[in-house]
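Engineer: based on what follows, work out the 3D shape:
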Amino acid sequence: MSSINDSDRILAESRAVLRDNQNGGRHRRALGSIGEGSARIRRSNIKTRIRNIVIAAFTIFLAAGIAGSMFNGIGFWGVMMVLVSVIVATAIFSNYPKVKVPQRADLRRTQDAQQLVARTELWLESQSGALPAPARAIVDTLGAQLDALGKQLAHVDPAHEAAGEVRKLVGEILPETIESYTRIPAHLRGEERAGSTPDAQLVSSLGKISKEVDSVTRQLAQGSLDDLAIKNRYLDYRYGDAEGMALPEPSEQGSGVPLPDFDRAKAPSGSGS
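Structural biologist: Numbers count the residues shown, from 1 in each chain. Predicted structure coming up:
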């Protein structure tokens, strides 16, 4: 019963965040990004496109100038060809290169904290369209939380146990939670089974990951690395490893399959039963 109540509460909170985002949003950055990390990548991509347009236009005008000096002018049609070439080059380089969305394997391999945050934000943005509205609201919130977490991780030794566990939470468990949901056929995601639906379970799972990211960020900000390491030793116990969170395939009868239950005991595995 408490699990259902928690899901209802998280759904209500997520809808409130969604309404806030629709009215301007607190966390969404420029360029449609959920966080500063992914916005930085997009800005860099735009700068690259502008640079390529300038280089292409300069090259075309330089070639036209050389041709004009050699042939005593390029004439009306030559000018028209230059203008068309500039327009075509601008159209091409305004759309290329595309922002490369990382794959889950890329997230697992990323060691640098800033890169991990930015790539995770890009990956979340690419998945957002497949999520229910309350889950998208939590993803927007996660963008701001990941920005804050990345700033704290930048001051932590990458070899530290705490940093490794946080990278696992952000780079493995979070993406696997979403992929577990998206593997369910769309028409089954709202189907209730055992008192819940995949939609509700996804929102509940993301809400708890969001709280964990916020808690870890606060501890890092306070310099509580030792406490964080102790706490993260049983992240697997609370959340399950990434592979263990994968959803089983729907049954032949077409029943919806709920997401893994995140409501596990919060005590370390070494504590008494």
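
Engineer: domain assignment for the chain?
Structural biologist: When the chain is parsed with automatic domain parsing, its domains come out as 2-30+101-245, 39-93.

Engineer: need the next SSE after the helix ranked longest in the chain, C-terminal direction.
Structural biologist: If you go by DSSP state H, the chain has its longest helix at helix 36-71. Once the chain leaves helix 36-71, the next helix or strand it forms, by DSSP states H and E, is helix 75-93.

Engineer: which strands or helices does that next one pack on?
Structural biologist: With contacts taken as 3 or more C-beta pairs under 8 Å, 6 or more residues apart in numbering; DSSP states H and E, helix 75-93 sits against helix 36-71. Where you see a C-beta, it was placed from the backbone N, CA and C, and this is true even at glycine.

Engineer: mean pLDDT and mean neighbour count for the domains of the chain - can I get that in CSV?
Structural biologist: Shown next, in CSV, are these (pLDDT from 0 to 100; neighbours: other C-beta atoms under 10 Å):
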stretch, mean pLDDT, mean neighbour count
domain 2-30+101-245, 75, 18
domain 39-93, 92, 14
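
Engineer: centre of the chain to the longest helix of the chain, how far?
Structural biologist: Offset of helix 36-71 from its chain centre (C-alpha atoms, centre = their mean, to the nearest Å): 30 Å.

Engineer: and stretch 67-84, by the same measure?
Structural biologist: Relative to the centre of its chain, stretch 67-84 is centred 49 Å away, using C-alpha atoms, centre = their mean.

Engineer: can I get that stretch as PDB, trimmed to CA atoms?
Structural biologist: Coordinates of each C-alpha in stretch 67-84 appear next as PDB, following Å, rounded to 0.1, in the frame of the first residue of the first chain:
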ATOM      1  CA  ALA A  67      38.600  33.500 -61.500                       C
ATOM      2  CA  GLY A  68      37.600  37.100 -62.000                       C
ATOM      3  CA  SER A  69      41.200  38.200 -62.100                       C
ATOM      4  CA  MET A  70      42.200  35.500 -64.500                       C
ATOM      5  CA  PHE A  71      39.200  36.000 -66.900                       C
ATOM      6  CA  ASN A  72      38.700  39.700 -66.500                       C
ATOM      7  CA  GLY A  73      35.500  39.300 -64.500                       C
ATOM      8  CA  ILE A  74      33.000  36.500 -64.000                       C
ATOM      9  CA  GLY A  75      30.000  38.200 -65.500                       C
ATOM     10  CA  PHE A  76      26.400  38.000 -64.500                       C
ATOM     11  CA  TRP A  77      26.100  34.300 -64.500                       C
ATOM     12  CA  GLY A  78      29.300  33.900 -62.600                       C
ATOM     13  CA  VAL A  79      27.900  36.200 -59.800                       C
ATOM     14  CA  MET A  80      24.700  34.200 -59.800                       C
ATOM     15  CA  MET A  81      26.700  31.000 -59.400                       C
ATOM     16  CA  VAL A  82      28.600  32.500 -56.500                       C
ATOM     17  CA  LEU A  83      25.400  33.500 -54.800                       C
ATOM     18  CA  VAL A  84      23.800  30.100 -55.300                       C
END
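
Engineer: so what touches that stretch?
Structural biologist: Ile60, Phe61, Ala64 (C-beta atoms under 8 Å, 6 or more residues apart in numbering).

Engineer: swap the cut-off to 6 Å and go again
Structural biologist: Identification of contacts with stretch 67-84 by C-beta atoms under 6 Å, 6 or more residues apart in numbering yields Ile60, Ala64.

Engineer: same question for stretch 101-108.
Structural biologist: Applying C-beta under 6 Å, 6+ apart, the set of residues contacting stretch 101-108 is Arg119, Thr120, Leu122, Trp123, Ser126, Gly171, Glu172, Pro175.
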